[in-house]
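Chemist: please find the sequence and the predicted model below.
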Amino acid sequence: MASESTPPLIEFHQVAKVYGQGTATMRALDGIDLSVRAGEFVAMMGPSGSGKSTCLNILGSLDTPSEGSYRFEGVPVERLSRDQRALLRRQFLGFIFQGFNLLNRTSALENVELPLIYRKMPARVRHEKAMAALTAVGLAKWAHHAPGELSGGQQQRVAIARALVGQPRVLMADEPTGNLDSVRSREIAAMLKDFNRRQGITIVMVTHEPEMAAYADRQIHFQDGRITSNGHHGKKR
Amino acid sequence: MLWETFLLAQRTIRRNALRSTLTILGIVIGVAAVITMVTLGSGATAKVTSDISSLGTNTLHVRPGQGMRGPGGARTSADQFTIEDADAIASNVAGLAAVAPTATASSQAIHGSANWSTAVTGASNTFFQVQSWSIAQGRVFSAGELKAGKAVCLLGQTVWEELFGVVSPLGQTIRLGKISFKVIGTLQEKGQSSFGTDQDDIVVIPLRTLQRRIRGDTDVGTILVAVADGVATTSVQGHIENLMRERRGIRPDQDDDFHVRDMKELIDTLTGTTTVLTALLSAVAGVSLLVGGIGIMNIMLVSVTERTREIGTRLAIGALEREVLMQFLVESVVLSTFGGVIGIALGLCAAGLGSYFIGVPFVFKPGIVAASFLFSAAVGVVFGYVPARKAARLNPIEALRYE
């Protein structure tokens, strides 16, 4: 579990994201400070357009800040090249998305293997690790089924297995239960919480459902590109 | 990693089997056309070469007039040669195997009710030697017959069949114009020449007989000269030219009013024609390869758009720009080389069939097969690059959300 004394894994200092040019600019993020410690489970909340997704994209190094600095384990991410950021994601980050983003007509197992292929792992090691990850999300039996043959909840569990198979430092979750009913949502949230507790994986999750945010250790609220509250108000379960 | 990329590409292609097949059709047709054209062209060249070689590559044809010297050459009516010119060549030029002065006339050959229009060649026995033409039945001319200009003849296979059917013509009489000739022999079958004329459609009579009794002049149309083995035809050609200029009184500033043609030149001219024709047809086929390449580019662009979300996911997972580029480039190269391989197979089959029906030998050219393969791979690289770069440069955030 995170404690106040551990150094932050993620540190934002006055990060801003500006879209557009000249007078028609839009500040999607308006200079925010934020830090996430290793092992934390953080929920980012707020209405659409509040800046929470932009914040997650920058956290995930998919996007770069227009102003300010972002340090990941002390590394200034805003100075990395596109390929260096790709390598950062490859080694340290895992992603899950609202739309699952699994490859069609490719088996669950192969989907889970994908990050390991980019890490140049030999096929046999890849199979073993991917199988273990699928077992951990309770889908070992479905390893050879294509995403189209799985339910939404199962697909998101495959995506979680894919995100975690490379043992990342941080799991970035963008509305992971947005396409699921409440029963499946709770299953997914409980599963994330479980991985956070047992394996100490840091999770940053964007959601607009308070019920989901309640699983997190900490809730960060966004409004108009600024953080309105950054407290430890989350109910611990 | 490259192997993984290859497997991935191959799987993606198989998933869209119909579309992939249609995509590579252009390449298949292009490569097949090039292979067919080049193989048939080489076969035709080989046939022409072997046909002319069978006439004797060491034979020179000496004719009056300037011959085919290209446009602009004055075609004045030149003096004909005489039998003395041929004798002069035989006695003054070294390194000759035989000299055969000949003259021709066309005539109706008649036997009973059979009537056949044919070419009559007046020659001596050296004619058969120079043409390496052997006698099937009977005999060649006797010295007396040649000297006296007797009405005797040898028949080519075609004339024999037209006039006599299967009956032996030896000792029989045929009429050429108003004169009766006794058949003393027949010639071995030679078949068609590369110009498509029937070489067996011939009646050979003594040169003097033709000059006196048919043409009514002393002209020699062509002097055939067989060069001895191991002697360079070009040096002999030079000697003959000098000798003829001297005998015909041509001043140094004047052009020859005769020409000496080497059969090798003829081979070069004819094979040159087939080579140019082959190159032209291949160029047309090459255009269809280009069109095929554009087809591949089109489909790859569609594929990139369709798989935008997949690309976004790969980028999010940590794929480098060049890895995404390679993925799509390998896919288009696999597509195009696959088309190339099918095209090569099809082209060779078509060339095999074609050469069988046209009657030219099947000449397998490994060079053109290798070149076609490499070219189709290059088409994949060139036309796959733009779509692959488009994929690699996608913004991951937009790509992930793409619907």
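Modeler: Sure, I can see it.
Chemist: which SS state does B:Ala319 fall under?
Modeler: coil (DSSP: H, G, I helix; E, B strand; the rest coil).
Chemist: grab the nearest non-local neighbour of A:Arg157.
Modeler: A:Val137 (4.1 Å; CB to CB, 6 or more residues apart in numbering or on different chains). (Each C-beta comes from the backbone N, C-alpha and C, glycine too.)
Chemist: now do that neighbour against B:Val287, distance only.
Modeler: 55 Å (CB to CB, to the nearest Å).
Chemist: look at these two and report which has more neighbours.
Modeler: A:Val137 (22 against 12; other CB atoms under 10 Å in any protein chain shown).
Chemist: list the contacts for the nearest residue to B:Gln172 once chain neighbours are set aside?
Modeler: Closest residue in space to B:Gln172, ignoring its immediate chain neighbours: B:Val183 at 5.1 Å, by CB to CB, 6+ apart. By CB atoms under 8 Å, 6 or more residues apart in numbering or on different chains, the contact set of B:Val183 is B:Gly138, B:Val152, B:Cys153, B:Leu154, B:Leu155, B:Pro169, B:Leu170, B:Gly171, B:Gln172, B:Thr173, B:Ile174.
Chemist: would you confirm that B:Ala371 belongs to a helix?
Modeler: Yes. Under three-state DSSP, B:Ala371 falls within a helix.
Chemist: per-residue pLDDT, it?
Modeler: pLDDT recorded at B:Ala371 is 90.
Chemist: count the neighbours of it for me.
Modeler: B:Ala371: 15 neighbours (other CB under 10 Å).
Chemist: against chain A, how distant is B:Thr278?
Modeler: 46 Å (CB to the nearest CB, to the nearest Å).
Chemist: ok, that residue touching B:Thr39?
Modeler: No. The criterion here is CB atoms under 8 Å, and B:Thr278 misses it with B:Thr39 at 9.4 Å.
Chemist: who has more neighbours, those two?
Modeler: Counted by other CB under 10 Å, B:Thr278 and B:Thr39 do not tie: B:Thr39 has more neighbours, with 25 against 19.
Chemist: mind listing the strands for chain A?
Modeler: Using DSSP state E, the strands of chain A run over residues A:8-19, A:26-37, A:41-45, A:67-72, A:75-76, A:93-97, A:170-174, A:202-206, A:218-223, A:226-231.
Chemist: same list, these, but as a markdown table with distance to B:Gly65 please.
Modeler: Listed next are these as a markdown table, based on distance: least, CB to CB, whole Å:
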| stretch | distance to B:Gly65 |
| --- | --- |
| strand A:8-19 | 87 |
| strand A:26-37 | 90 |
| strand A:41-45 | 99 |
| strand A:67-72 | 92 |
| strand A:75-76 | 91 |
| strand A:93-97 | 88 |
| strand A:170-174 | 91 |
| strand A:202-206 | 96 |
| strand A:218-223 | 100 |
| strand A:226-231 | 102 |
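Chemist: residues in contact with the residue nearest to A:Arg157?
Modeler: A:Val137 neighbours (CB under 8 Å, 6+ apart): A:Arg157, A:Val158, A:Ile160, A:Ala161, A:Met191.
Chemist: spit out the contact partners of the last one.
Modeler: For A:Met191, the contacting residues are A:Val137, A:Arg157, A:Ile160, by CB under 8 Å, 6+ apart.
Chemist: quick one: low-confidence parts of chain A?
Modeler: By pLDDT under 70, the low-scoring segments of chain A are A:1-6, A:232-237.
Chemist: which parts of it sit against chain B?
Modeler: A:57, A:60, A:62-63, A:82-83, A:86-91, A:93, A:95, A:97, A:99, A:101-105, A:114-115, A:117-118, A:120, A:162 (CB under 8 Å from any CB of the partner chain).
Chemist: looking at chain B, which strand is longest?
Modeler: Counting by DSSP E, the longest strand found in chain B is strand B:96-111.
Chemist: tell me which strands and helices that strand is in contact with?
Modeler: If you count contacts as 3 or more CB pairs under 8 Å, 6 or more residues apart in numbering or on different chains; DSSP states H and E, strand B:96-111 packs onto helix B:83-92, strand B:114-123, helix B:126-130, helix B:157-164, strand B:173-176, helix B:207-209, strand B:222-227.
Chemist: okay, now the sheet partners of that strand, with direction.
Modeler: Here strand B:96-111 has these sheet partners by DSSP bridges: strand B:114-123 (antiparallel), strand B:173-176 (antiparallel), strand B:222-227 (antiparallel).
Chemist: any buried residues in it, and which?
Modeler: B:96-105, B:107, B:109-111 (16 or more other CB atoms under 10 Å in any protein chain shown).
Chemist: that older thread, with respect to chain A, which of the contacts of B:Val183 is nearest?
Modeler: B:Leu155 (77.8 Å; CB to the nearest CB).
Chemist: quick check: bridge partners of that closest one?
Modeler: B:Thr186, B:Val203.
Chemist: surely it and B:Val203 touch.
Modeler: Yes. B:Leu155 lies in contact with B:Val203 (CB under 8 Å); the separation is 5.9 Å.
Chemist: please say which of those two ends up with more neighbours.
Modeler: Looking at B:Leu155 and B:Val203 with other CB under 10 Å, you find the greater number of neighbours at B:Leu155, namely 31 against 26.
Chemist: could you check the pLDDT of B:Asp198?
Modeler: We have a pLDDT of 84 for B:Asp198.
Chemist: what sits against it?
Modeler: By CB under 8 Å, 6+ apart, the contact list for B:Asp198 reads B:Thr158, B:Gln192.
Chemist: okay, it and chain A: tell me how far apart.
Modeler: Where chain A is concerned, B:Asp198 sits at a distance of 66 Å (CB to the nearest CB).
Chemist: next up, phi/psi of that residue, please.
Modeler: phi -90, psi 110 (degrees, to the nearest 10).
Chemist: that one pairs with what?
Modeler: Per DSSP bridges, the residues bridged to B:Asp198 are B:Gln192.
Chemist: which residue does chain A have closest to chain B?
Modeler: Residue nearest to chain B within chain A (CB to the nearest CB): A:Arg90, separated by 2.6 Å.
Chemist: the residue nearest to that residue when sequence neighbours are not counted: neighbour count?
Modeler: Nearest residue to A:Arg90, sequence neighbours excluded (CB to CB, 6+ apart): B:Gly318, at 2.6 Å. Residue crowding around B:Gly318 was assessed by other CB under 10 Å; the count is 26.
Chemist: correct me, but B:Gly318 touches A:Tyr118?
Modeler: Yes. Between B:Gly318 and A:Tyr118 there is a contact under CB under 8 Å: 5.4 Å.
Chemist: start to end distance for stretch A:155-172?
Modeler: 17 Å (CA to CA, to the nearest Å).
Chemist: what would the helices and strands packed on strand B:96-111 look like in CSV with mean pLDDT, distance to B:Glu145 and mean neighbour count?
Modeler: Listed next are the helices and strands packed on strand B:96-111 as CSV, based on pLDDT from 0 to 100; distance: least, CB to CB, whole Å; neighbours: other CB atoms under 10 Å in any protein chain shown:
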stretch, mean pLDDT, distance to B:Glu145, mean neighbour count
helix B:83-92, 89, 16, 17
strand B:114-123, 91, 12, 19
helix B:126-130, 88, 14, 21
helix B:157-164, 91, 19, 21
strand B:173-176, 91, 15, 19
helix B:207-209, 92, 8, 23
strand B:222-227, 89, 20, 23
